[in-house]
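Asks: sequence and computational prediction follow.
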Amino acid sequence: MTTSAKRLVRNHPDELLCGLVSISDRASSGVYADEGIPSLKAWLDGALRTPVRYVERLIADDAPAISATLTELCDELGCDLILTTGGTGPARRDVTPEATLAVASKEMPGFGEQMRQISLRFVPTAILSRQVAVIRERGTSAADGAALIINLPGQPKAIRETLEGLREADGKLVVPGIFAAVPYCIQLLEGPYVETDETVCKAFRPKTAIRPAS
Ligand SMILES: Nc1ncnc2c1ncn2[C@@H]1O[C@H](COP(=O)(O)OP(=O)(O)OP(=O)(O)O)[C@@H](O)[C@H]1O
Ligand SMILES: Nc1nc2c(c(=O)[nH]1)N[C@H]1C(S)=C(S)[C@@H](COP(=O)(O)O)O[C@H]1N2
């Protein structure tokens, strides 16, 4: 596979290259200000203890544009993780899951299942979110790398809810958020070693996969 001229080069071996894609007809056309990308960044900045670089895209609910954006962020820029927000519901214009599956090498159904479990504790309409997660391989060999792509719902507050999970008033975690599984998934894809602030989100790894502190 030939490397794209746009390919990002890590400033540090542990730097996470993270695509953030807000999918909203109204935010992308200026009817309201986009809150999707600021919410994603605010949560990730508070949760990550290892370096991260963001690439941001604000686009309309248009399936070819969504697939093209995901392909660009994965194949051309080399993102390890791509989070989308919006367009997962049942409305006619909601096509994010279809556009994500169209670029998938492998489906990761556990993320969508867990997000709906979490979100049902917040809103009964969580059942209406068709969010999916997939892995997209950049090429045919492991050295080409891969991206984990996860759809989140469009409500800005749903971003923290699904990534972090549900807590009791005293802060005790009742339902773990999906981000707990993201660092190990990226590690299995031979991406960077991502570490989190355990008070925000404890990343789960089997003992054998934990890197000794240097
Ligand atoms: N990017 C965004 N910025 C701010 N608020 C948003 C954004 N996306 C969604 N919302 C809010 O969450 C609600 C549900 O999100 P959903 O993705 O279903 O949007 P929608 O109703 O299809 O409209 P649109 O795609 O034009 O944002 C929206 O009606 C809006 O109030
Ligand atoms: N955590 C959480 N999940 C949620 C919601 C929410 O407010 N919080 N809204 C639900 C609603 S009302 C819809 S229609 C679906 C799809 O939303 P989307 O089209 O904005 O992606 O997500 C659902 N999931």
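Replies: Received the coordinates, thanks. Ligands and ions are numbered 1, 2, ... in the order given.
Asks: from now on I want contacts and neighbour counts done on CA atoms only, so please keep to that.
Replies: Noted.
Asks: what's across from the spatially most central residue of the chain in the sheet?
Replies: By CA atoms, centre = their mean, the mean C-alpha position of the chain lies nearest to L83, the distance being 2.7 Å. Beta-bridge partners recorded for L83 (DSSP bridges): L20, I150.
Asks: show me the contacts for it.
Replies: Counting by CA atoms under 8 Å, 6 or more residues apart in numbering, L83 touches C18, G19, L20, V21, I149, I150, N151, L152.
Asks: the first one reaches L48, doesn't it?
Replies: When you say that, I think you mean C18. No. With contact taken as CA atoms under 8 Å, C18 and L48 are classed as non-touching, separated by 11.8 Å.
Asks: so between the two, which is more surrounded?
Replies: For the pair C18 and L48, the greater number of neighbours falls to C18 (25 against 17), based on other CA atoms under 10 Å.
Asks: state the helix or strand in which V174 lies.
Replies: Counting by DSSP states H and E, the element that carries V174 is strand 173-176.
Asks: and that strand, how far out from the chain middle?
Replies: 19 Å (CA atoms, centre = their mean, to the nearest Å).
Asks: partner strands of it, with direction?
Replies: With DSSP bridges as the test, strand 173-176 pairs up with strand 165-167 (antiparallel).
Asks: buried residues in the strand it pairs with?
Replies: Along strand 165-167, these residues count as buried under the neighbour rule (16 or more other CA atoms under 10 Å): G165, L166.
Asks: ok, it near ligand 2 or not?
Replies: No. Figure legend: strand 165-167 not in contact with ligand 2 (CA under 6 Å from any ligand atom); closest approach 8.7 Å.
Asks: and that strand, what's its mean pLDDT?
Replies: Across strand 165-167, pLDDT averages out at 93.
Asks: stretch 102-114 too?
Replies: On average, the pLDDT along stretch 102-114 is 98.
Asks: likewise stretch 172-188?
Replies: For stretch 172-188, mean pLDDT is 96.
Asks: just how off-centre is that stretch within its chain?
Replies: Centroid separation between stretch 172-188 and its chain, computed with CA atoms, centre = their mean, is 11 Å.
Asks: now the end-to-end length of it.
Replies: 29 Å (CA to CA, to the nearest Å).
Asks: please, which helix or strand holds V182?
Replies: Here V182, judged by DSSP H and E, is contained in helix 182-188.
Asks: give me the residues contacting that helix.
Replies: D80, L81, A147, L148, P192, Y193, V194, E195, A203, F204, R205.
Asks: one more time with 10 Å, if that's ok
Replies: With CA atoms under 10 Å, 6 or more residues apart in numbering as the test, helix 182-188 has contacts from 16, 80-81, 111, 135, 146-148, 150, 163, 179, 189-196, 202-206, 209-210.
Asks: so which bits of stretch 18-28 are buried?
Replies: Neighbour-count burial for stretch 18-28, counted by 16+ other CA under 10 Å, picks out C18, G19, L20, V21, S22, I23, S24, D25, A27, S28.
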